[in-house]
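*Asks:* Quick check, what structure comes out for this input:
(one chain, ligands or ions: 2)
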Amino acid sequence: MAETLSGIGVSPGVAAGPVAQMAAPPVVPTDATPAGDPETENQAALAAMKAVATTLEERAARAPGEAASVLAAQAMMAEDPTLASKVSERVQAGKAAVTAVVEAFDDFRGLLAAAGPYMAERVADLDDLRNRTVATLLGVPMPGVPDPGHPFVLVALDLAPADTATLDADRVRAIITEEGGPTSHTAILAKSLGIPAVVTCPGATAIPEGETVLVDGSDGSVLVAPDEATIQEALAAEEAKLAALQSVSGPGRTADDHPVQLLVNIAGDRDLDAAAAADSEGVGLFRTEFLFLDRPNAPTLEEQQTVYQRVFDAFPGRKVVVRTLDAGADKPMEFVTVPDEPNPALGVRGLRTSRRHPELLEQQLAAVAGAAAASQAKVWVMAPMVSTKAEAATFAEQVHGHGLPTAGVMVEVPAAAIRAHHVAAACDFTSIGTNDLSQYTYAADRMAGELADLLDAWQPALLELVRLTAQAGKTLGKPVGVCGEAASDPLLALVFVGLGVTSLSMAPVSVPGVRAALAAHTLAECRGLATIALDAEDGRTARTAVRAATRS
Ligand code: PEP
Ligand code: MG
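*Replies:* Numbering: from 1, shown residues only. Ligands and ions are numbered 1, 2, ... in the order given. Down below sits the predicted model:
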C-alpha cells in the first residue's frame, strides 16, 4: 500500500520518477591522524582526486552544451599539478590525507580568488571539488545535486541558491525538500524552471534511494511507491487541467474587463526562453543578484550590461522591472555582505548595502541604463528592502539621473507599507514583496519551514499591509504590483486585485492559472473576497472562507 507524505506545494505540476537523495557536504574531521605512512596517505589523496576527475569527465561526456564545458573544466582542475603538489607537501609533513586535501584546496582557493575575475568565478567549482574529494576519502555519499544518469525526483533537506543554480530542468522531474519554506529559494527556483516542488515535507529524506514517487506540486502530496495505474491517472488529469487553463489567453482581465497586468519573475538569463515565450505583458521582477551569487567579486559593468541586454532584447516592447542587487540574509554575497552579522535578515541587506558600497549600485544602474538605451524594452528599475521615504527619494533620484525614467521601490518592510502614501509619493511605482513582508510582519524567518503557518501570505495582518500599500497607490495614481510568491496563488490573486493591486508577477508556469481565475470573477467579487479575507482570524481560515465564497 502506497504511503502518502504531505508538505506544502510550492510549484504546480504533477510528476513521477525515482528518488535521488542529495547528500550534505561531508563533515571534515578536525583531528584526523594519518592512517599510514606519508606515501600511503599521498597515494590515497591523489587516487581520490583522480576518481573525482574521472567521474566529472564521464558526466561532461553525457552533458549538453555549456554544462559539458563547465564539468570538463572542473575535471581539469582536479588534475592540476599545483594542487597535487600542495597535497603531497602536506602529507610529507605528516598530515592525514583528508587534512592535506582540505588545506591544499584552501590554499589554491586563495590563489584563484586573487587571479582576476575569470579565475575567481571558479572558486565555487573548487569548493565543490574539495567536498567531493573529501567525501571520496571518507567513504561518505557524494555531496551536491546527484547525477544518477537518468531523470529523477530530487530529495534534499533543503537547497541552497548555489545548488539550485546547477539544476538541470530536463533531468529533475520534481523537487521535494524536508525543510525550506514556501518562500525559500527552492520554491522560487523550482517555479522559475517549471519543476513541480513540495517543501516542508516531513519524512522526505527517509524515502529510499531509487523508490518511485508521485509528486503533486499544487496540493503538496507525495505518494511513495504508487502503482503504475495511479501514476498514469494523475498525469492524465494534470494534462486535462493544463489544457483547460490554456484555453484563456491574452492580457489579464477580470470577468468585467478590469485590467490586471500579468507579468513574470525571472532570475538571471537562464530561464529567459520560457519566460519570454510565456503569454505575459513582460517581467515584473528581474532578480539580478543571481548574476552575483557564488563570486568573490561583482561582475564588471560590461558583463552586467551584456546580460541585461540579453534579457531586455527578449522582451521588445514589453515592460521589464529590474530589481537592483538584493544581497544579504538569504542571498549572501562574499564581496558585499557584512561578515558575521548577528542577525543578517535585519542587517545591511538589499538597498542598505549601498550605504557601504555606493559604487556597486552606481555601476549596476549604469549597466542597466546602457542596456536599456540599446533595447526596445520598457525598462523600470526598483530597489529592494526600502524602509523610508528618504530612501525611496534618493533611489528614485539616482535612477532618474541615469536617464531611466521609471523608478520604484519594493514594499517588503512593514514600515514602508505603513507609510506607503509617503514612500509611493517619492517614486513612480511600488511592488510588494510578500516573501519578505511576511517574514518581517510575523517575525518569522522565511527559510523556517516549521513557521510556514505564520509565513502564509493569507495571514490577515499581511493582507492589511497590502491593502494600505494598494490604497496609497490608488490615491496617488501610481501602479502597485505584487511580485512575491503569493501572486502565483490564483485564489489569493483575486484577493490582491480586490485590495487594489494593479499587477501580479509570478513564475511563467503560474500565469495561466491566475489568468483563468481572474477571468472568472468580476472586480466587485474580488473586492468582496478581499473583505472576507481581511475579516478572517488567521491565514488558514481566510483561505478556507475565500475558497468557499468562490464556490457558492
Ligand atoms: C519578496 O521578498 O517577496 C521578493 C519578491 O523578493 P525576494 O524573494 O527575492 O527576496
Ligand atoms: Mg525580498
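*Asks:* Contact residues of the chain facing ligand 1?
*Replies:* Where proximity means CB under 6 Å from any ligand atom, the interface of the chain facing ligand 1 comprises 285, 287, 326, 412, 433, 434, 435, 436, 483, 484. The C-beta positions use only the backbone N, C-alpha and C, and glycine is treated the same way.
*Asks:* How many residues are close by the first one?
*Replies:* When you say that, I think you mean residue 285. Residue 285 is flanked by 27 other residues according to other CB atoms under 10 Å.
*Asks:* Report the spatially nearest residue to it, omitting neighbours in sequence.
*Replies:* Closest residue in space to residue 285, ignoring its immediate chain neighbours: residue 483 at 4.0 Å, by CB to CB, 6 or more residues apart in numbering.
*Asks:* Quick check: phi and psi at the one you found.
*Replies:* The phi/psi pair for residue 483 (degrees, to the nearest 10) reads phi -120, psi 10.
*Asks:* all helices of the stretch 101-250 of the chain, in order?
*Replies:* Secondary structure of the stretch 101-250 of the chain (DSSP state H, counting those that start in this stretch): helices at 117-120, 123-138, 161-165, 185-193, 228-246.
*Asks:* Give me the mean pLDDT for the third one.
*Replies:* Per-region confidence: helix 161-165 scores 61 on mean pLDDT.
*Asks:* With the fourth one instead?
*Replies:* The average pLDDT for helix 185-193 rounds to 77.
*Asks:* Identify all contacting residues around it.
*Replies:* Helix 185-193 is contacted by residues 10-11, 156, 158-161, 164, 167, 169, 172, 175, 177, 180-181, 196-197, 199, 217, 265-267, 271, 274-275, 330, 485, 488, 506-510 when judged by CB atoms under 8 Å, 6 or more residues apart in numbering.
*Asks:* in the stretch 151-300 of the chain, what spans have low per-residue confidence?
*Replies:* 160-166, 185, 270, 294 (pLDDT under 70).
*Asks:* what ranges do the strands span in it?
*Replies:* With DSSP state E, counting those that start in this stretch, the ranges of strands along the stretch 151-300 of the chain come out as 152-156, 172-177, 197-199, 212-216, 221-224, 261-267, 282-287.
*Asks:* right, so those: which one is the most enclosed?
*Replies:* Highest mean neighbour count of those: strand 197-199, a mean of 31 (counted as mean count of other CB atoms under 10 Å).
*Asks:* So which elements touch it?
*Replies:* strand 8-11, strand 172-177, helix 185-193, strand 212-216 (3 or more CB pairs under 8 Å, 6 or more residues apart in numbering; DSSP states H and E).
*Asks:* For this structure, spot the helix or strand the model is least confident about on average.
*Replies:* When the helices and strands of the chain are compared on mean pLDDT, DSSP states H and E, helix 117-120 comes out lowest with a mean of 54.
*Asks:* the strands in the stretch 351-500 of the chain, which residues?
*Replies:* Counting by DSSP E, counting those that start in this stretch, the stretch 351-500 of the chain has these strands, from start to end: 378-383, 406-411, 429-432, 480-482.
*Asks:* Make a markdown table out of those strands and add mean pLDDT and mean neighbour count.
*Replies:* Listed next are these as a markdown table, based on pLDDT from 0 to 100; neighbours: other CB atoms under 10 Å:
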| stretch | mean pLDDT | mean neighbour count |
| --- | --- | --- |
| strand 378-383 | 98 | 26 |
| strand 406-411 | 98 | 27 |
| strand 429-432 | 98 | 26 |
| strand 480-482 | 98 | 29 |
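*Asks:* how about the closest residue to ligand 2 within the stretch 251-400 of the chain, phi and psi?
*Replies:* Here the residue of the stretch 251-400 of the chain nearest ligand 2 is residue 384; by CB to the ion that distance is 5.6 Å. When quoted as degrees, to the nearest 10, the phi and psi of residue 384 stand at phi -90, psi 160.
*Asks:* Correct me if wrong: it contacts residue 435.
*Replies:* No: between residue 384 and residue 435 there is no contact under CB atoms under 8 Å: 10.7 Å.
*Asks:* the more surrounded of these two?
*Replies:* Set residue 384 next to residue 435 and count neighbours by other CB under 10 Å: residue 384 wins out with 27 against 22.
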